[in-house]
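**Student:** Following is a predicted model, sequence given first.
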Amino acid sequence: MKKKNQTKFEYFKERVYYYQKMLGLQNFKISVFKDKLTDSKASWYSCDSGKIISIVIDEKVLKNENLKNLDELAFHEIYECQFYKIKFNLNLFFNDLYTSELIHEIVRRAENCIFPFICDKIKGEKNVK
């Protein structure tokens, strides 16, 4: 839930770190930025063998998307970046577009199947407090 006076970017960033913890990816050093992207709503980049991840969200997306969509986008990017080793190794044999599409299929399935359960879990936690 967005806190009073919290920007959409701060909300997105908070959700990225929430899903990082939820998915057990604390061994990643993750930074979140906003910039102008031309081909996607958000993207991620890795360096140092995937230990350092940068997630970038498009500035227009921050203006136009609602909080639920930003939450789902944060989950999507965090879930996808855990495949950095697979992506790196597949890129040795196949082009980046092909490997990105393969990984994206897996991420979309998880997003469609797992994300709704996570939302229910979050709602349940809020009701308990």
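**Tutor:** Sure thing, it's come through.
**Student:** helices and strands around the lengthiest helix in the chain, which ones?
**Tutor:** Ranked by residue count under DSSP state H, the longest helix found in the chain is helix 96-113. On a contact count with 3 or more CB pairs under 8 Å, 6 or more residues apart in numbering; DSSP states H and E, helix 96-113 meets helix 67-81, helix 84-91. C-beta here means a position set from N, CA and C on the backbone, and glycine is covered the same way.
**Student:** What residues of the last one count as buried?
**Tutor:** By neighbour count, with 16 or more other CB atoms under 10 Å as the criterion, the buried positions of helix 84-91 are 84, 87, 90.
**Student:** Which residue, other than its chain neighbours, is closest to the last one?
**Tutor:** Excluding the flanking residues, the one nearest Leu90 by CB to CB, 6 or more residues apart in numbering is Thr99, at 4.1 Å.
**Student:** Can you report how many residues neighbour the one you found?
**Tutor:** 19 (other CB atoms under 10 Å).
**Student:** circling back: wait, which of the buried residues of helix 84-91 is closest to Ile122?
**Tutor:** Nearest to Ile122, judged by CB to CB, of the buried residues of helix 84-91 is Tyr84 at 26.0 Å.
**Student:** quick one: that closest one and Ser54 touch, right?
**Tutor:** No. Counting by CB atoms under 8 Å, Ser54 is not a contact partner of Tyr84; they are 11.6 Å apart.
**Student:** Count the neighbours of Thr122 for me.
**Tutor:** Residue 122: Ile, not Thr. Neighbours of Ile122 (other CB under 10 Å): 14.
**Student:** wait, what's in contact with the closest residue to Glu59 other than its chain neighbours?
**Tutor:** Distance criterion CB to CB, 6+ apart; nearest residue to Glu59, sequence neighbours excluded, is Lys34 at 5.3 Å. Lys34 is in contact with 9, 56-59, 62, counting by CB atoms under 8 Å, 6 or more residues apart in numbering.
**Student:** got a list of what the residue most central in space within the chain touches?
**Tutor:** Compute the mean C-alpha point of the chain, and by CA atoms, centre = their mean the closest residue is Glu77, 2.1 Å away. For Glu77, the contact set (CB under 8 Å, 6+ apart) comprises 16, 42-44, 55.
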